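In: 3D, please:
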Amino acid sequence: MSETTVTIVGNVATTPVYRELPKGPVARFRLAATARRFDRVRNEWVDGHTNFFTVWAWGALGTNVQGSLSIGEPVLVQGRLRVRDEERGGQHWTSADIQASAVGHDLSRGTTAFRRARQGQPGRQPDGDEPSFEIDPQGEGEPRELGEQSEQREPAAVG
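Out: Residues are numbered from 1 along each chain as shown. So this is what the prediction gives:
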């Protein structure tokens, strides 16, 4: 079975929701990706259609997403795309989810500072479908705080 891997550039649209589950930590947030084009008649950039994706980040990635992202920040997300169709309450819904393998700030639009996460128990990947955050999951805990590590490294020599 082929996986559809995508890289999406957009903005964080919702505050990341973080949970500690029996399968491991997970964070989810909505990502808004808006196409922009240059309108030659008006001589300015204009926004096109906005696509919204639900991003699921498992394990250490989920823990780091929770401690790093805020609404409105420009990010790049890479992962597996899954489009789902379902019936809920008599209505048809289509959703586009991304199971993230990497998430990072878009450095073409600003700067960021990297802090290495504290060494801990590695996160586990889920074996099934993502949880529903509308239902109170068992084992729900408060988000862990990321500690700052004061490890300094010398830059690599170039040449």
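
In: Quick check: Thr15 is in a strand.
Out: No. Per DSSP: H, G, I helix; E, B strand; the rest coil, Thr15 lies outside any strand segment and is coil.

In: next one: phi and psi at Arg40?
Out: Backbone torsions of Arg40, given as degrees, to the nearest 10, read phi -70, psi -30.

In: quick one: low-confidence parts of the protein?
Out: For the chain, residues meeting the criterion pLDDT under 70 lie at 1, 119-159.

In: Go again with 50.
Out: Scanning the chain for pLDDT under 50 picks out 121-127, 134-159.

In: Pick out the residue closest to the middle of it.
Out: The geometric centre of the chain, computed from its C-alpha atoms, lies nearest to Val55 (Cα atoms, centre = their mean), at 4.6 Å.

In: so which helix or strand takes in that residue?
Out: Element membership for Val55, per DSSP states H and E: strand 44-58.

In: So what are the sheet partners of that strand and their directions?
Out: Using DSSP bridges, the strands paired with strand 44-58 are strand 24-39 (antiparallel), strand 91-105 (parallel).

In: Which one, of those, ends up nearest to Ala13?
Out: Closest of the strands paired with strand 44-58 to Ala13 is strand 24-39, at 4.1 Å (criterion: Cβ to Cβ). (C-beta placed from N, C-alpha, C; glycine too.)

In: Pull out the buried positions in that closest one.
Out: Gly24, Pro25, Val26, Ala27, Arg28, Phe29, Arg30, Leu31, Ala33 (16 or more other Cβ atoms under 10 Å).
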